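>>> what follows is a protein structure lacking sequence information:
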């Protein structure tokens, strides 16, 4: 039976393993079982790039030949049989999937002369990106699939992770610790402390993949540290009072810094010297750089400012808002994404403006957003809210 509708299955004899008097209570493959309804349970899925990984609760039974995997690639409920997995396994990996295409799966248990009802259906949309998020409250880093729906793994960490950066080329993860005042580097589950300064507070970092560098903002000490990919410090800049946000200019390796105490935005060169400083801001909390033009967008209290590569003010936006706390910029579409933060639940908003300052989107109902990022592949915006990631 190569193509089937999910609801059509063979109901099998329950005398395979258990005594009939106890089958409803003991046999998970009995359709009358109140917990399992006679089907495999616990099917979960996630994707990493062009493969989907399925896992399920293994049945502790004798007499089954294995688990049959069914897949629908066209959303027409016509499922194809993909494979028969051995009974001592609870995992199947489907390789070579197309990006941005939805795949649906379910599984059955198969015996000599029967096939069970199907499990619940799970779905995935693979893509070329992986989402990494910090969970400071539960002291962990979470790896999430491209569609932002499925958790791939949790990494318990030392301290309280805040900002992070991931380098796919060398599988290296960096994160700042918001309470223990450290910066960690993780590779193959091995931890390395690359920065540990008393009375310090490294709060933000940005990765320069072109030059294999990491820029780290130390909020309390008022310094910007620069490390190479090996975790060795190669420079610093102390012209900042309280850095709140940093972003890289990929064209020349420089870095913009928002200083919430000095009320300035400063540009630091790739040689770690101060290139320019923009003064007389209100309360700059977040910056984002257009990686094509070099323009710097700034969230400054209740307004949004755009400065060109020479530091000249080109645009001022003053939307009706509470507190414009976080920015992200889509350089391919020239879209500026902004989080308007409100301390009340469901009162924060996500706004989006084009390069000319026209508002093109407003999404309300967010609770305590903590950060946002643009996915350059599909131009979606990923928002970290308290306890979850929204896509």
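Great, that's in hand. These numbers come from a predicted model, not from an experiment.
>>> what strands line up against the helix or strand containing residue 352, and which way round?
If you go by DSSP states H and E, residue 352 is part of strand 348-354. Here strand 348-354 has these sheet partners by DSSP bridges: strand 335-340 (antiparallel), strand 359-366 (antiparallel).
>>> can you map out the helices along the stretch 1-150 of the chain?
Secondary structure of the stretch 1-150 of the chain (DSSP state H, counting those that start in this stretch): helices at 23-26.
>>> circling back to that earlier point, list the buried residues for the strand holding residue 352?
If you call a residue buried by 16 or more other Cβ atoms under 10 Å, then strand 348-354 has these buried ones: 348-353. (Glycine included, C-beta is placed from N, CA and C.)
>>> if we can go back for a sec, reformat the strands paired with strand 348-354 as TSV; add mean neighbour count.
What follows is these, written out as TSV (neighbours: other Cβ atoms under 10 Å):
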stretch	mean neighbour count
strand 335-340	24
strand 359-366	13
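>>> residue 385: which of these is closest?
strand 359-366 (5.7 Å; Cβ to Cβ).
>>> how far is the closest one from where the chain is centred?
Relative to its chain's centre, strand 359-366 lies at 20 Å (Cα atoms, centre = their mean, to the nearest Å).
>>> so who does the residue nearest the centre of the chain touch?
By Cα atoms, centre = their mean, the chain has its centre lying nearest to residue 131, at 2.6 Å. Contacts for residue 131 (Cβ atoms under 8 Å, 6 or more residues apart in numbering) come out as 143-146, 148, 375, 382, 389.
>>> which one of those sits in the busiest neighbourhood?
Ranked by neighbour count (other Cβ atoms under 10 Å), the contacts of residue 131 have residue 146 at the top, with 26 neighbours.
>>> give me the low-pLDDT residue ranges for the protein?
Residues of the chain meeting the criterion pLDDT under 70: 1-38, 386-391.
>>> domain ranges for it, per the record?
Domains of the chain are assigned by automatic domain parsing as 3-124, 131-390.
>>> residues contacting the strand holding residue 352, please?
Counting by Cβ under 8 Å, 6+ apart, residues outside strand 348-354 touching it are 304, 317, 319, 321-322, 334-342, 359-364, 366-369, 372, 381, 383, 385.
>>> over to stretch 284-298?
With Cβ under 8 Å, 6+ apart as the test, stretch 284-298 has contacts from 244-251, 256-260, 263-265, 267, 281, 299-301, 304-309, 314, 324-329, 331-332, 334, 336, 355.
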